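[1] Need a 3D model of the following:
(2 chains)
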Amino acid sequence: MSTQAQNTAGQPIAFVSAQALRARMHDAVNDAHLRQSFRGAMDFLMAKRAAQFPDEGELDSLRGLSEAIRQYSLSKLPDLLEQLEANLTRNGIQVHWAETPDEANAIMLGIARRHQARLIVKGKSMVSEEIEFNHAMEAAGVGALESDMGEYIVQLAGEKPSHIIMPAIHQTKQQIAKLFAEHIPGVDYTDNVDALIQIGRRVLREKFEIADIGLSGVNFAVAETGTLCLVENEGNGRMCTTVPKVHIAITGIEKVIEKLEHVAPLFSILTRSATGQAVSTYFNMISGPRRGDDRDGPEEVHLVLLDNGRSQAYADEQLRKTLQCIRCGACMNHCPVYTRIGGHAYGTTYPGPIGKIVSPHMMGLEQTHLLPTASSLCGACGEVCPVKIPIPELLIRLRGEAQSAPHANPAMVGQGAGYDAKISLLWKLWARLYARPATYRAFTWLATRLRFLTPKQQSGWTAARTPLKPAPRRLRDMVKDRR
Amino acid sequence: MSARDRILAKLRGKQPAQPGTLPDLSAHYTPRARGETKAARLARFRTGIEGFHAEVHVSSEADWPALLTRLCADKQVGTLMYGASTPAGRRLTGAGCGATTLRPWAGQVEDIKADLFHRVDAGFTQARGAIAETGSLIVWSSPDEPRSLSLVPPIHFALLDAATIHPTFYDALVSENWAAGLPTNALLISGPSKTADIQQTLAYGAHGPKELVVLVINAEGDAE
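    The predicted structure is shown next:
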């Protein structure tokens, strides 16, 4: 437990205090431009997803199967990790384990140093964002360049991704045109999307050719064959894992599945849920470095397995469901809160509903206890989740963990971080009042007579609503009058 | 204790006593099997991959080198790189490619990297098979046809035998028992490289090939 607490304290993810979080959300909601961007993008993604599932029976069956595969894999997680390690090793892929972001960065920096690497080109990896990989490398004097178009734009702008699948969704093409003209030598302003993509292609191709190391994430790690699977459209993931002499993949420990055939349904439901594509342009299955007579491919392949709070989620049967996630982003696309505030307001690497349930394990509840309350509990996230994570139930559970009085042997680091003795007492009184008819009658009798005492300012309530005031007559009295 | 041992110990301490039941994938896929003809599978594959902006040309075992020559001329391909020791490669070496220079892949990638990036206009590979459901090519890299051949040149020509089109990815994995032995790199390719990262506007030719051209050998011979 103490090491966990230290990990959380040493956690580099940008911490947003409760006050700052509320202010950021307020600003985001009042930014008409941002709201329009996200509304448009989310409507687009929701429509595209819906078009991929015309047959409700097929969707139900595929979701059930995908949930079963993820739950089965988690039920055998430690065994599968060992099997994965053995088979990767047999295939010539070196496996590393890291409990914390710092450990993961140190492992990768060690590899970079051994190869005297100056430039690392990166495919899209949310885990690398989670551990602030770019900053860690920069601090050590190693260049880390994003090559996914969206990530490249976000990196040029000095920002973080605002969506896990579409990182630059908050930027307009005019903003990107300006960014390219300012930052890329010899580039004039153009807001033609094809031209912008060709500029990115030209710049990044030069980098693929000279980079010493390619970094990638992993969508599925197959234990029985020792295979790393990557899903992408651009081809930058293939570049990063094919051209440089060294390929480092990093992933959370939960991404392992047992059977190769399990990738078929998961891959299908992933791309259809994420971007509404029947399939992505590339599905890249890597089972080793350049071997035998191979003429290309990296000479070394490494896999870094990261815990960073995942084992805490694993320890609790209900919270374990968080780890079923395949990172499609459908929950954020369908979330009314995410659509209105965008991805940056949350202040966490993973925004939206999945971010609210996964970040508390990575960062501790001290820093994240407000996140589960940033939800209307409408249930859309749970309904579209391709692996049926009961996100609303988990949000309620996390609210409970955050706001219950601190107790021994908590399920999570930071349990009770949102606990307020006064509020807790108030609710206890409320519960007593409402549970006893006699006291409730006495209370309402008093309330109707003392209604003139109700304050005009009722903290958060009156910020956007008229004050609450008891009615002049109780319902029970009005009913009595009618008889 | 190492990080590995600590992580595994934490997980083991909380692992369910009984593992879950192994999911039955056939219960999902078998009732949905279409029992379609080879021609129907080819048609479905074609619709799928054309939807992803790939070009498809149906040809025959006898005629595909001539078709490739014509396509290379149309696309003004100066240099086409290929694997010379595959059956298709030997055909190509024998037939030539008109005005297009045929360049066999030779040596390690380091020996030819600059040419591959800057002077080769197109790469030619064979597809191991395809998937009708999604319009995907199955491409396994090999010493003859390395990974970069289908990735780095701006145009990728792929030769596909219509007899190797599977209904679904699941069917391909299971019927060919991929789990028994995968190459260092196996790929599904569904169209040229693309992105929608700028304002959800679809643009082709992101980092990989800008064009994907599929030449289908159809033994039943309903060539275009």
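[2] what about A:D43, how many residues close to it?
    The number of residues packed near A:D43 is 12, by other Cβ atoms under 10 Å in any protein chain shown. To be clear about C-beta, it is placed using only N, CA and C from the backbone, and glycine gets the same treatment.
[3] swap in the one 10 residues further on?
    Other residues within reach of A:F53, judged by other Cβ under 10 Å, total 18.
[4] same question, B:D24
    11.
[5] Equivalent analysis for B:T79, please.
    17.
[6] partner residues bridging it?
    B:T101 (DSSP bridges).
[7] From chain A, how far off is it?
    Going from B:T79 to chain A by Cβ to the nearest Cβ, to the nearest Å gives 17 Å.
[8] Could you count how many residues lie near residue 31?
    Reading this off chain A. Using other Cβ under 10 Å, A:D31 has 16 neighbouring residues.
[9] not what I meant, chain B
    B:P31 has 9 neighbouring residues, counting by other Cβ under 10 Å.
[10] One more: A:Q318?
    When neighbours are counted by other Cβ under 10 Å, A:Q318 registers 12.
[11] which ones are touching it?
    Residues near A:Q318 by Cβ atoms under 8 Å, 6 or more residues apart in numbering or on different chains: A:393-394, A:397.
[12] Restricted to helices, list those residues.
    Mapping these onto helices (DSSP state H) picks out A:393-394, A:397.
[13] Now a ChimeraX select for only the buried ones of these.
    Paste this into ChimeraX to select the buried members of the ones in helices among the contacts of A:Q318, with burial taken from 16 or more other Cβ atoms under 10 Å in any protein chain shown:
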select /A:394,397
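[14] Leaving out sequence neighbours, find the closest residue to the closest residue to chain B within the stretch 151-300 of chain A.
    Going by Cβ to the nearest Cβ, chain B is nearest to A:G235 of the stretch 151-300 of chain A, at 2.6 Å. Counting by Cβ to Cβ, 6 or more residues apart in numbering or on different chains, A:G235 lies nearest to B:G208, which is 2.6 Å off, once chain neighbours are set aside.
[15] Which stretches in chain B count as helices?
    Using DSSP H, the helices found in chain B span residues B:3-14, B:26-29, B:38-51, B:64-74, B:87-95, B:109-118, B:169-175.
[16] Tell me which residues of the fourth one come out buried.
    Read that as helix B:64-74. Buried residues in helix B:64-74, defined by neighbour count with 16+ other Cβ under 10 Å: B:64-65, B:67-69, B:71-72.
[17] Which one of the residues you listed is nearest to chain A?
    Chain A lies nearest to B:L71 out of the buried residues of helix B:64-74, by Cβ to the nearest Cβ, at 21.0 Å.
[18] Identify the residue nearest the closest one in space, chain neighbours excluded?
    Using Cβ to Cβ, 6+ apart, the closest residue to B:L71 is B:V213 (6.2 Å).
[19] Please list all residues in contact with the one you found.
    By Cβ under 8 Å, 6+ apart, the contact set of B:V213 is B:54-55, B:57, B:71, B:75, B:155-158.
[20] of those, buried ones?
    The neighbour count (16+ other Cβ under 10 Å) marks B:54-55, B:57, B:71, B:75, B:155-158 as buried among the contacts of B:V213.
[21] Let's see which of these end up in strands.
    Among the buried ones among the contacts of B:V213, the members falling in strands (DSSP state E) are B:55, B:57, B:155-158.
[22] Would you mind putting those into TSV with pLDDT alongside?
    Converted to TSV, those look like this (pLDDT from 0 to 100):
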residue	pLDDT
B:E55	98
B:H57	98
B:I155	98
B:H156	98
B:F157	98
B:A158	98
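[23] isn't A:R432 right up against A:T439?
    Yes - here A:R432 reaches A:T439: they are 7.0 Å apart, a contact under Cβ atoms under 8 Å.
[24] Could I get the contacting residues of the residue of chain B found nearest chain A?
    The nearest approach of chain B to chain A comes at B:G208, 2.6 Å away (Cβ to the nearest Cβ). Neighbouring residues of B:G208 by Cβ under 8 Å, 6+ apart: A:234-235, A:238-239, A:281-282, B:151, B:156, B:192-193.
[25] Done for today, thanks.
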